[in-house]
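> Requesting a structural model of the entry that follows:
(2 chains, ligands or ions: 1)
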Amino acid sequence: MPASTLSQHAPPQLVLELPPETAFLPSAAAAAENAAQVFGLDSGGALRLALAVEEFFAYLCRHAGREEPIRLTLSQGGTFTRADFRFRAGEVSLRALNFAASVDLEAGEDLELGLLVAARTTDRCGLTRSGPDVFHLHAEVDRVYPEAEAITTPQRLSPPLRLEPAPTAGTLQHAALLAAGRYPARLRPHSFTRPARFADMVACGQYQALLALDTADRPAGLLCWRASGRRAVVFSGPYVFDPQLAQDTARLLTEGFLARVARTEVLCAFSERPTADLPQGWFESLGNLTLRGAEGSESVEQPAFFRHLREDAGAAVWAHPDLFPFLRREYDRLAFSRDLLAAEPTPPARLPEHSLLATSLDRLRSLAILRPLLDGRDIEASLKAHVEAIHEQGTSDILLHLDLSEPWQGALFPALSACGFVPRLVLPHAGASDMLVCQHAVHS
Amino acid sequence: MPSIAELVPEHIRAFEAYTPSRPDPDLMRQYGVDHLHRLNNNENALGPPPNARAVIEAFESRRSAIYPSGDCYTLRTALSERFGKDPERFLVGNGSCEVIASVIKAFCEKGDNIITADKTFAVYEWVAEFSGFEARLIPLNNWAFDPDAMLAAMDSRTKILFVCNPNNPTGTWWDRDVMERFLRGVAGRAIVVIDEAYCEYVDDERFPDGMELMERHKNVVVFRTFSKMYALAGLRVGYVCGQKEVVDYIRRTHIVYSVNSMGQPAAAAALKDDAGHIAATRLMVAEAKALLLPAFDELGLKYVSNAGNFVMVETPVSDSLIYRHLMRRGIMVRTMTGFRFPNWIRVSMVQLPVMQEFLQALREVLGIVAGTRT
Ligand SMILES: Cc1ncc(COP(=O)(O)O)c(C=O)c1O
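Residues are numbered from 1 along each chain as shown, chains lettered A, B, ... in the order given. So this is what the prediction gives:
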């Protein structure tokens, strides 16, 4: 089948079931390299993915359960190729799945650096859990797209504006470059300066985009969003191209965006990269995060905005009593009715020895997000090891998400606090209930 | 083994289930209030008309052991007398929501579409979409259904056009002329459903009566409900009326025994003495509007108030934030984001003391949010 027809069908994928034997390393790596090329990566990108797959697989051969094969799914995500390993933890210690499992606990055993190496060759990677002992380890490598010059010439547009819900690739690329010309890099998706990538992301549903056009069908503004979990979307924008029409454009886009997500399963909209053009009164401020970003960039205060798309029926959340003052203040400020249930740490004797933390790394944004998957006696030590490993690896910002529907997660707060994490934001309904975002304190 | 999700068709997986609000005692505890005024569902706060009330009060518990009439025989006879039509031309459902599904099932097959407005009662769109049919949503024009744009959106696969007259939530309605022109434009090519859930609230010569239109336009089907004016929402009775042939087809897809034993006689009784009840309800709505609308003007709030026992008000901040603050004061309104009117709330018109309490709460809430606007 010629590669050009791929995008017209369901996203193509290649699925392999591999016994956890290192003898199959070449099969896994060859499949990854071949699939990545068919799915549109250049040979460099395909090699990077193959390398990650090799590292992951070698790692899983040592640590995954042996009762069933490891399933490797290679799929095309439009602008990237993804390798996903599904495996059972089995009887093997889960500790090895920690991103930082080896860093200080088993210093010297460089074999265990597999995940770190893999992390370096990919654009994004992470661990998730999909059942009591079913886990997924995934890695993504992006296709390379040509960079284009941002458009900085002032736009003089003629109202009235209208919304274009299904913009063509050409108009999207034009709009992305206009946005790149008017907004700094941290306020827009990276793909705006690789506009063909942005258009592809929209074409394959990674992003949704809404465009405002003027009477001559020229782009007047853009707002884009993507899913974040099943129940939330995160948006970037609104971007307006003619400052004279800023208010009207922003309002039209915001209203259109909300109309689009309102009757879907989405519960909440959160800002990812909100611009100053976001109209007043449409979103609630959740607070700020201080992000240092990639090396060489200045740290910025990133505000977080939120909008609930439903009527809130109230909820209960679990948290360690030390968190109550922060939570009470936030819930009261936001007028959310929540029952705060006290979650005390489980006595060490009743905990397994090892905890498990999932790490997602986004190298472009120099951002790591930690999520606790399993509690264990070593959680504090493991957190410390993760922070160190992530910093060493060159990533500057570390967030930690706690799902407050889980008592044991809410109870972790003293351990987090001891490792330098401070509570920053409550994200209503972002997890099974509300999510608490903690940030590793920025010592400078 | 496939996961449960893999057994589910794509259009169901993508579909958002309606989440009803939690029971009052739960909500009251959660929001820390000792009372709750429900101004969110356009219910009639006066309660059912006297005859219906008597039927409900006289209902003997042992009748609960007996199945109801499977086809609502007595209620259809009452409807037949009231509207002077053959009883076979009425099909009663568990609320008119149920008959929406029956009509769509009867007329649509794979590849077909329905046409309605983008900002109207959501169930037409929902049922079409979870059944796997395209819903073409035509933007309102000046708060009202746009007849020309709806006609323009029709194609050979259009099977049903849903017109909510008066429209929930804007209260706008097509007069006889607009409706006639529209029906001539459709020219029998598709079924036209006129949802008259709120028709008893309109007191205007120019309002077109669907019951009369269907005699000249054989493709017209009318929905009515006992949930709104007749205040029987809890008993779930609504119905569809049309030409006999059309109703025959709809009946084939419809569930029998879906209407309960208390609802059937209560609805029949409600029809018998409705004049006084309707007048009293209209008066209550008029008094509520006379209180609220000038107050909204004074507060600088934009509102949309036309037919029906509800008013839409624009809020300076997110409707869901206003909702939470009002709930803390024992007032429940409907947020309009889900109707594609972000930053609007819809308020049911009820008795004056409650309207005054609502107004007081709204004033307080506006004061609070004015200080924290983002
Ligand atoms: C326009 C419209 N149609 C139909 C209904 C459904 O009424 P029921 O199912 O209670 O008969 C409603 C209720 O909100 C409505 O607003």
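> A:Leu253: what's it in contact with?
When contacts are counted by Cβ atoms under 8 Å, 6 or more residues apart in numbering or on different chains, A:Leu253 touches A:163, A:210, A:212, A:221-223, A:237-238, A:240. Bear in mind the C-beta positions are built from the backbone N, C-alpha and C, glycine included.
> and those residues as a markdown table, adding neighbour count, pLDDT and distance to the ligand?
Listed next are those as a markdown table, based on neighbours: other Cβ atoms under 10 Å in any protein chain shown; pLDDT from 0 to 100; distance: Cβ to the nearest ligand atom, whole Å:
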| residue | neighbour count | pLDDT | distance to the ligand |
| --- | --- | --- | --- |
| A:Leu163 | 20 | 94 | 26 |
| A:Leu210 | 25 | 96 | 28 |
| A:Ala212 | 31 | 96 | 31 |
| A:Gly221 | 32 | 96 | 34 |
| A:Leu222 | 28 | 97 | 35 |
| A:Leu223 | 28 | 97 | 31 |
| A:Gly237 | 28 | 92 | 34 |
| A:Pro238 | 27 | 97 | 32 |
| A:Val240 | 29 | 97 | 37 |
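> where do the strands sit along the stretch 1-150 of chain B?
Under the criterion DSSP state E, counting those that start in this stretch, the stretch 1-150 of chain B contains strands at B:37-38, B:90-93, B:113-117, B:134-138.
> Does A:Arg66 fall in a helix, a strand, or a coil region?
Here A:Arg66 takes the coil state, with states given by DSSP: H, G, I helix; E, B strand; the rest coil.
> what number of residues lie near the nearest residue to it once chain neighbours are set aside?
Among residues not flanking A:Arg66 along the chain, A:Pro20 sits closest, at 5.6 Å (Cβ to Cβ, 6 or more residues apart in numbering or on different chains). If you count neighbours by other Cβ atoms under 10 Å in any protein chain shown, A:Pro20 ends up with 21.
> try B:His35
When neighbours are counted by other Cβ under 10 Å, B:His35 comes out with 11.
> try A:Ser396
A:Ser396 has 19 neighbours, counted by other Cβ under 10 Å.
> hang on, the earlier thing: the strands of the stretch 1-150 of chain B: which one's closest to B:Leu299?
Of all those, strand B:37-38 sits nearest to B:Leu299, with 19.3 Å by Cβ to Cβ.
> Rebuild the contacts of A:Leu253 as a markdown table, extending it with distance to B:Ser64.
What follows is the contacts of A:Leu253, written out as a markdown table (distance: Cβ to Cβ, whole Å):
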| residue | distance to B:Ser64 |
| --- | --- |
| A:Leu163 | 53 |
| A:Leu210 | 52 |
| A:Ala212 | 58 |
| A:Gly221 | 60 |
| A:Leu222 | 59 |
| A:Leu223 | 54 |
| A:Gly237 | 57 |
| A:Pro238 | 56 |
| A:Val240 | 62 |
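> can you put those in JSON lines and add distance to B:Arg29 and secondary structure?
Listed next are the contacts of A:Leu253 as JSON lines, based on distance: Cβ to Cβ, whole Å; DSSP: H, G, I helix; E, B strand; the rest coil:
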{"residue": "A:Leu163", "distance to B:Arg29": "42", "secondary structure": "strand"}
{"residue": "A:Leu210", "distance to B:Arg29": "40", "secondary structure": "strand"}
{"residue": "A:Ala212", "distance to B:Arg29": "45", "secondary structure": "strand"}
{"residue": "A:Gly221", "distance to B:Arg29": "45", "secondary structure": "strand"}
{"residue": "A:Leu222", "distance to B:Arg29": "45", "secondary structure": "strand"}
{"residue": "A:Leu223", "distance to B:Arg29": "39", "secondary structure": "strand"}
{"residue": "A:Gly237", "distance to B:Arg29": "40", "secondary structure": "strand"}
{"residue": "A:Pro238", "distance to B:Arg29": "39", "secondary structure": "strand"}
{"residue": "A:Val240", "distance to B:Arg29": "45", "secondary structure": "strand"}
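> Out of those, which is nearest to chain B?
Here the nearest of the contacts of A:Leu253 to chain B, counting by Cβ to the nearest Cβ, is A:Leu163; it sits at 9.9 Å.
> Could you list the contact residues of the stretch 101-250 of chain B toward chain A?
B:118, B:122, B:125-126 (Cβ under 8 Å from any Cβ of the partner chain).
> now those: which count as buried?
When those are checked for burial by 16 or more other Cβ atoms under 10 Å in any protein chain shown, the buried set is B:118, B:122, B:125-126.
> thinking again about what came up before, ok, which of the strands of the stretch 1-150 of chain B comes nearest B:Trp344?
Comparing the strands of the stretch 1-150 of chain B by Cβ to Cβ, strand B:113-117 comes nearest, at 15.5 Å.
> picking up where we left off before, who wins for proximity to B:Ile194 among the strands of the stretch 1-150 of chain B?
strand B:113-117 (11.6 Å).
> Partner strands of that closest one and their direction?
Note on strand B:113-117: by DSSP bridges, its sheet partners are strand B:134-138 (parallel), strand B:158-164 (parallel).
> Tabulate those (a markdown table), appending mean pLDDT and mean neighbour count.
Output for those, formatted as a markdown table (pLDDT from 0 to 100; neighbours: other Cβ atoms under 10 Å in any protein chain shown):
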| stretch | mean pLDDT | mean neighbour count |
| --- | --- | --- |
| strand B:134-138 | 96 | 19 |
| strand B:158-164 | 98 | 25 |
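> Include distance to B:Met312 when you put these into TSV, please.
Formatted as TSV, the strands paired with strand B:113-117 follow (distance: least, Cβ to Cβ, whole Å):
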stretch	distance to B:Met312
strand B:134-138	18
strand B:158-164	14
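> okay if I get the ones you listed as CSV plus distance to the ligand?
Formatted as CSV, these follow (distance: least, Cβ to the nearest ligand atom, whole Å):
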stretch, distance to the ligand
strand B:134-138, 15
strand B:158-164, 5
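> Now the residue of the stretch 101-250 of chain A found nearest the ligand. Nearest residue, chain neighbours left out?
Nearest residue of the stretch 101-250 of chain A to the ligand (Cβ to the nearest ligand atom) works out as A:Arg231 at 25.0 Å. Leaving aside its sequence neighbours, A:Arg231 sits nearest to A:Leu267 (Cβ to Cβ, 6+ apart; 4.5 Å).
> Could I get the contacting residues of that neighbour?
By Cβ under 8 Å, 6+ apart, the neighbours of A:Leu267 are A:231-232, A:308-310, A:429.
> What mean pLDDT does the helix or strand hosting A:Pro325 get?
Under the criterion of DSSP states H and E, A:Pro325 resides in helix A:324-334. Helix A:324-334 shows a mean pLDDT of 95.
> Check stretch A:381-395 too.
On average, stretch A:381-395 scores 88.
> How about that stretch, which residues are buried there?
For stretch A:381-395, burial by neighbour count (16+ other Cβ under 10 Å) applies to A:381-387, A:389-390, A:393, A:395.
> Can you convert these into TSV and add a column each for distance to A:Phe24?
Shown next, in TSV, are these (distance: Cβ to Cβ, whole Å):
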residue	distance to A:Phe24
A:Ala381	34
A:Ser382	30
A:Leu383	34
A:Lys384	36
A:Ala385	30
A:His386	30
A:Val387	35
A:Ala389	28
A:Ile390	31
A:Gln393	28
A:Thr395	32
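> Just the closest of those to A:Thr79, please.
A:Thr395 (22.0 Å).
> Now the closest one: phi and psi?
Dihedral angles phi and psi of A:Thr395 (degrees, to the nearest 10) take the values phi -90, psi 130.
> Tell me how far it lies from A:Pro154.
Here the criterion is Cβ to Cβ, to the nearest Å. By it, A:Thr395 lies 38 Å from A:Pro154.
> again, but for B:Asn167
42 Å.
> ok, what's across the strand from the closest residue to A:Gly256 other than its chain neighbours?
Nearest non-adjacent residue to A:Gly256, counting by Cβ to Cβ, 6+ apart: A:Leu163, 4.6 Å away. Note on A:Leu163: beta-bridge partners A:Ala212, judged by DSSP bridges.
> List the contacts of A:Leu163.
A:210-213, A:252-253, A:256.
> cutoff 7 Å now
For A:Leu163, the contact set (Cβ atoms under 7 Å, 6 or more residues apart in numbering or on different chains) comprises A:210, A:212, A:252, A:256.
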